[in-house]
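*Asks:* Sequence and predicted structure, then a few things I'm wondering about:
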Amino acid sequence: MNIIIVGCGRVSYTLVEQLIGDNHSIVVVDEDDAKVQYFTEELDVMGVVGNGVDYQTLLEAGIEHTNLLIAATGVDEQNLLCCVLAKKLEFCKTIACVRNPIYNTEIGFLRKELGLSMILNPELIAANEIARIFQFPPEIKIDTFTRGRIELLHLKITRDCLLNNYPLKYIHTRLKCNVLVCIVIREDDVFIPSIDFVFRTDDTIVIIANPAEADSFFLKIGLHTSRARTAMIVGGGTVGYYLARRLLEVGIKTKIIEIDSRRCNELSEQLPGASIVNGDGSDEHLLAQEGIGTVDAFAALTGIDEENVLLSLYAKGISRGSIVTKINRTYYSGVLNNIQLDSVIFPSFLTADYITKYVRSMNQRTDSNMENLFKLENGRAEALEFFITEPSIVTDTPIRQLKLKSDLIICSITRNGHVIIPGGHDELKVGDAVIIITTRSIFYDIKDIIKR
Amino acid sequence: MNLIILLYIIGWVLQIEALFLTVPAIVGVCYHEYNCSISYMIVAVVCLVLGYFLRQQKFDANDIYPREGFVAVSLSWIFLSLFGCLPFLLTGEIPGFINAWFETVSGLTTTGASILSDVEALSHASIFWRSFTHWIGGMGVFIIMLAIMPLAGAHSMNLMRAESPGPSVGKFLPKIRDTAILTYGIYITITVIICAAYLISGMSLFEALTMTFGTVGTGGFGIYNDSAASFTPLQQDLMTIFMILCGVNYNIYFCLVFKRFKEIFSFEEVRTYFLIIFASSGIIAWNIRHLYPTVEERLRHAFFQVGSIITTSGFSTVDFDLWPQLSRNIIILLMFIGACAGSTGGGMKVSRILILLKSVQDELHRIIHPHLIKKKHFDNRILPEETLRSTNAFTAIYFVIFFISVLLIGVDELDFTSDFTAVASMINNIGPGLNSVGPTCNFDVYSTFSKCVLIFDMLAGRLELFPVLILFMPTCWKRY
């Protein structure tokens, strides 16, 4: 597929990195020739220097043969205008990034009236993600997909955890928990555990379970789950605003610490329910005064990545709540792997993920019954959603009797609106939506899960 | 320096060369020169096996940084020429390793200078291989490698950039592989068209093929001792036209493929290129009016020689060494200008000359208006400072290498014109020079030492200096 990406920013870079692996032809457009040059040197893309609203520039980028245009510059109006132009002149699909909260309230109307395929708000996506994390206990990290229906719970096994040196099969036989361990991350490896697998210290396991089962499982292995009641946000930027708004909606007491008094006034106008504190978030005394030691949830959302990391590390030392760190620079992902932070949010990764999901769903092969494809664990595993429309070798046979390939696992079956976490005795039936997690390459037919 | 990557890339280059070497072997079989065929096949098998072992170790394609790209390209060319000269030694047709190496480098770099006094004595397979190396070297081996090699990463662009001639190298399609395939497709199409035209004009298949390779690659190895003089006027005219068309920036052919006809006439470089050709041919035709009786002959020879020199092919229909001094001076000047960037030709490239002239104009403006800010435009685009800087550096290094080479080959005690034009002809990948190395002479007059210097000049000229020079930087070989 031919894709034009306007704006060479962080989101675009991550996006190109993700899309290039799927064999798309990508052209990037930016006014800054140094940025374009950086992209063309690092990634297999063509660069055009110019403004994305300029039709001549778009022509040079090959808009006539383009299937999708993604506008991700820093200016909302430019993104929208660029998409409208592309839409009206060449009828390609368009995605725009729009950040300003003012536009956000009418986003559905804008999208429909302007004829865009999708309007994204990177800050809102990040805020929603953080809110989701706060609603789960700190030991567990959550990844959602299929529009939030399935939650992947990440749990790191510590030395004194019950699961340390615990064989996988005992979870069903001794703990009698109906949870599915679908991925194990050991050091840099991502793999799907076999039945004889034994957990070790520092493994991260990814499990799927319905909420009640998950609660009882965590209780049995010695984790106490409790949802956050109070939250502290350092940095009252756009993400902070969206996050506070969403937390207030679900009844979490929210406090925002912001250094700029003018911004504090704005926030106070927009968020009557929140307490806004004007002060320097890196001030230890201020944080202590505002109760960092007792807060259930802490988010470091200042504009400076390093400050966010330090704040989170500090908060981690004195607080038992869950801590979220926002990091803008994607280069830091390697460094941060070695730092014991709870949850790290990369807004550009999240946004790129959303777009990649959309692009993948566009790129449907006609012979495929794959409905959706989701990247997990930084792209080292994939979740594929299939609709079973006809009987085949995989249907109406207990899963334990199917000779499945080794690198995949059937992680959920949605039947009549109910999500089933499958065990060995469950069967796939016509009409089911099945999610399969795999660490091998993508396949396009449900029948390909069988060993040949 | 990441040695695994270097070995891997050289392994690929050798395997591709093995593929190319089978072609002269087949030609040998057609002409019942079985001994020659066997020699070519032996070298092909050696390349294949060696290449296989060299690319056993796996690595991350994103580790190809500009440094690896540049070193890999120049080392590959050295290996390519070393293995390419083995058949000449095995068949015993060219005595002496340096001679055989000179001949192969001359072929691959599309120079077309020979150390042989009697080309016609060679076997058909060897004549074919000599010309075929022009075709291989004309477009470069890395484009074909990028088209077939499973190195999809963006960093493999560093390989293409290091090999392609011209001040700035871009892509025409978003993906490197697609660009490489398209480029090679255009190259092959041009080859087929020219070959067909030659066949129709009455050449035999062997003549047509070998002359096509020389024309497309802007090489210049003749298959007869008198270069192109024995061909009919029609065939010479065809060669003139095709040589000039092959010296044009290939972006024009991309525009043709994409049906962007308007843009074709907007290339400043190509317009200048044709202007230079017509102007210098006109002057030469007038200057040589006493030597040839008819206007047709004057124009034909003038255009042929000008086309041959500016595209850095180096074919000749007459001994232009006997022409008046004005014509000879023009020819020397054309040697330095060279063809367009992004073509198969060598030389400094018309675009570099234009950029330099613009810089000079800018400096003059600055004397008059010291605070003037004026961006230089090229093809209706702003010329990046980066390009200006690299063009200036290129020019400086070019002349340093040029004069040092003239100095070094001075040990052979030939006259100044010979040495000067020999180096000019080598570094610009042309072929013939003047006086002792004129169109009717050959480079065997030079000693082994001088030949080595000239081999270096040819490689440096073809790869645009920097990749070859970087081999001599000690820091380049350190790990950090």
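*Replies:* Yep, it's here.
*Asks:* which residues of the stretch 151-300 of chain A score low on pLDDT?
*Replies:* Across the stretch 151-300 of chain A, the ranges flagged by pLDDT under 70 are A:211-212, A:215, A:224-227.
*Asks:* residue ranges of the strands in it, please?
*Replies:* Counting by DSSP state E, counting those that start in this stretch, the stretch 151-300 of chain A has these strands, from start to end: A:180-186, A:189-191, A:204-208, A:230-234, A:253-258, A:275-278, A:297-300.
*Asks:* Give the pairing partners of the third one; include direction for each.
*Replies:* If I follow you right, that is strand A:204-208. Sheet pairing for strand A:204-208, assigned by DSSP bridges, gives strand A:150-156 (antiparallel), strand A:180-186 (antiparallel).
*Asks:* Contacts for that strand, please.
*Replies:* Outside strand A:204-208, the residues that touch it by Cβ atoms under 8 Å, 6 or more residues apart in numbering or on different chains are A:143, A:150-157, A:163, A:179-186, A:199, A:214, A:217, A:376-377, A:411-412, A:421. (Each C-beta comes from the backbone N, C-alpha and C, glycine too.)
*Asks:* Identify all contacting residues around the strand or helix carrying residue B:418.
*Replies:* Assigned by DSSP states H and E, residue B:418 belongs to helix B:416-427. With contacts defined as Cβ under 8 Å, 6+ apart, helix B:416-427 is touched by B:111, B:113, B:314, B:332, B:335-336, B:398, B:401-402, B:405-406, B:409-410, B:412, B:430-437, B:443, B:445-446, B:454, B:457-458, B:460-461.
*Asks:* Tell me which helix or strand comes right after it.
*Replies:* Per DSSP H and E, the first helix or strand lying C-terminal to helix B:416-427 is helix B:448-462.
*Asks:* Show me what the helix or strand following that next one is packed against.
*Replies:* Counting by DSSP H and E, the next helix or strand C-terminal to helix B:448-462 is helix B:466-470. Packing partners of helix B:466-470 (3 or more Cβ pairs under 8 Å, 6 or more residues apart in numbering or on different chains; DSSP states H and E): helix B:66-84, helix B:157-163, helix B:385-409, helix B:448-462.
*Asks:* Which strands or helices does the helix or strand encompassing residue A:70 pack on?
*Replies:* Assigned by DSSP H and E, residue A:70 belongs to strand A:68-71. Here strand A:68-71 touches strand A:2-6, helix A:76-90, strand A:93-97, helix A:347-362, going by 3+ Cβ pairs under 8 Å, 6+ apart.
*Asks:* Now do the third one, average pLDDT.
*Replies:* On average, the pLDDT along strand A:93-97 is 88.
*Asks:* what about it, distance to the chain center?
*Replies:* In terms of Cα atoms, centre = their mean, to the nearest Å, the centre of strand A:93-97 is found 19 Å from the chain centre.
*Asks:* swap in the second one?
*Replies:* Taking the mean of its C-alpha atoms, helix A:76-90 sits 27 Å from the chain's own mean (Cα atoms, centre = their mean).
*Asks:* Report the angle between it and strand A:93-97.
*Replies:* 180 degrees (axes from the mean of the first three to the mean of the last three Cα atoms, to 10 degrees).
*Asks:* And the helix ranked longest in chain B, what's buried?
*Replies:* Ordering each helix of chain B by length in residues (DSSP state H) puts helix B:3-30 first. Going by neighbour count (16 or more other Cβ atoms under 10 Å in any protein chain shown), the buried part of helix B:3-30 is B:4-18, B:20-21, B:23-25, B:27-29.
*Asks:* what packs against that helix?
*Replies:* Packed next to helix B:3-30, using 3+ Cβ pairs under 8 Å, 6+ apart, are helix B:34-54, helix B:66-84, helix B:124-139, helix B:141-148.
*Asks:* Mind listing residues that contact stretch A:419-427?
*Replies:* A:149-150, A:172, A:178-180, A:208-210, A:213, A:395-400, A:410-414.
*Asks:* near chain B, which residues of chain A?
*Replies:* Residues of chain A lying close to chain B by Cβ under 8 Å from any Cβ of the partner chain are A:2, A:20, A:25-27, A:33, A:40-46.
*Asks:* Need those in TSV (columns: pLDDT and secondary structure).
*Replies:* Output for these, formatted as TSV (pLDDT from 0 to 100; DSSP: H, G, I helix; E, B strand; the rest coil):
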residue	pLDDT	secondary structure
A:2	88	strand
A:20	82	helix
A:25	88	strand
A:26	91	strand
A:27	92	strand
A:33	84	helix
A:40	84	helix
A:41	81	helix
A:42	83	helix
A:43	84	coil
A:44	84	coil
A:45	87	coil
A:46	87	strand
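*Asks:* tell me the two of those that are most distant?
*Replies:* For those, the maximum inter-member distance is 22.3 Å, found between A:2 and A:33 (Cβ to Cβ).
*Asks:* So for the two, which residue has more residues nearby?
*Replies:* Under the neighbour definition other Cβ atoms under 10 Å in any protein chain shown, residue A:2 and residue A:33 were set side by side, and residue A:2 has more, 19 against 16.
*Asks:* which ones are touching that one?
*Replies:* Residues near residue A:2 by Cβ under 8 Å, 6+ apart: A:24, A:25, A:26, A:27, A:62, A:65, A:66, A:67, A:68, B:174.
*Asks:* do the same with residue B:29
*Replies:* Contacts for residue B:29 (Cβ under 8 Å, 6+ apart) come out as residue B:37.
*Asks:* mind running it again at 10 Å?
*Replies:* Contacts for residue B:29 (Cβ atoms under 10 Å, 6 or more residues apart in numbering or on different chains) come out as B:36, B:37, B:38, B:40, B:41, B:125.
*Asks:* Tell me the gap between the strand holding residue A:70 and the middle of its chain.
*Replies:* 20 Å.
*Asks:* now do stretch A:44-51
*Replies:* The answer for stretch A:44-51 is 28 Å, by Cα atoms, centre = their mean.
*Asks:* From the contacts of helix B:416-427, list just the buried residues.
*Replies:* Here, 16+ other Cβ under 10 Å leaves B:111, B:113, B:314, B:332, B:335-336, B:398, B:401-402, B:405-406, B:409, B:412, B:430-437, B:443, B:446, B:454, B:457-458, B:460-461 buried among the contacts of helix B:416-427.
*Asks:* May I see the contacts of residue A:2 organised as a markdown table, with distance to residue A:239 and neighbour count added?
*Replies:* Below are the contacts of residue A:2 laid out as a markdown table (distance: Cβ to Cβ, whole Å; neighbours: other Cβ atoms under 10 Å in any protein chain shown):
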| residue | distance to residue A:239 | neighbour count |
| --- | --- | --- |
| A:24 | 29 | 19 |
| A:25 | 33 | 21 |
| A:26 | 28 | 25 |
| A:27 | 30 | 24 |
| A:62 | 35 | 17 |
| A:65 | 37 | 13 |
| A:66 | 31 | 21 |
| A:67 | 31 | 16 |
| A:68 | 27 | 23 |
| B:174 | 33 | 24 |
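*Asks:* Out of the residues you listed, which is nearest to residue A:305?
*Replies:* residue A:26 (26.9 Å).
*Asks:* Look up the residues forming beta bridges with that closest one.
*Replies:* Assigned bridge partners for residue A:26, using DSSP bridges, are residue A:3.
*Asks:* residues contacting it?
*Replies:* A:1-5, A:12, A:15-16, A:19-20, A:39, A:43-47, A:66, A:68, A:70, B:174-175.
*Asks:* Relative to residue A:71, how far out is it?
*Replies:* To residue A:71, residue A:26 is 14 Å away according to Cβ to Cβ, to the nearest Å.
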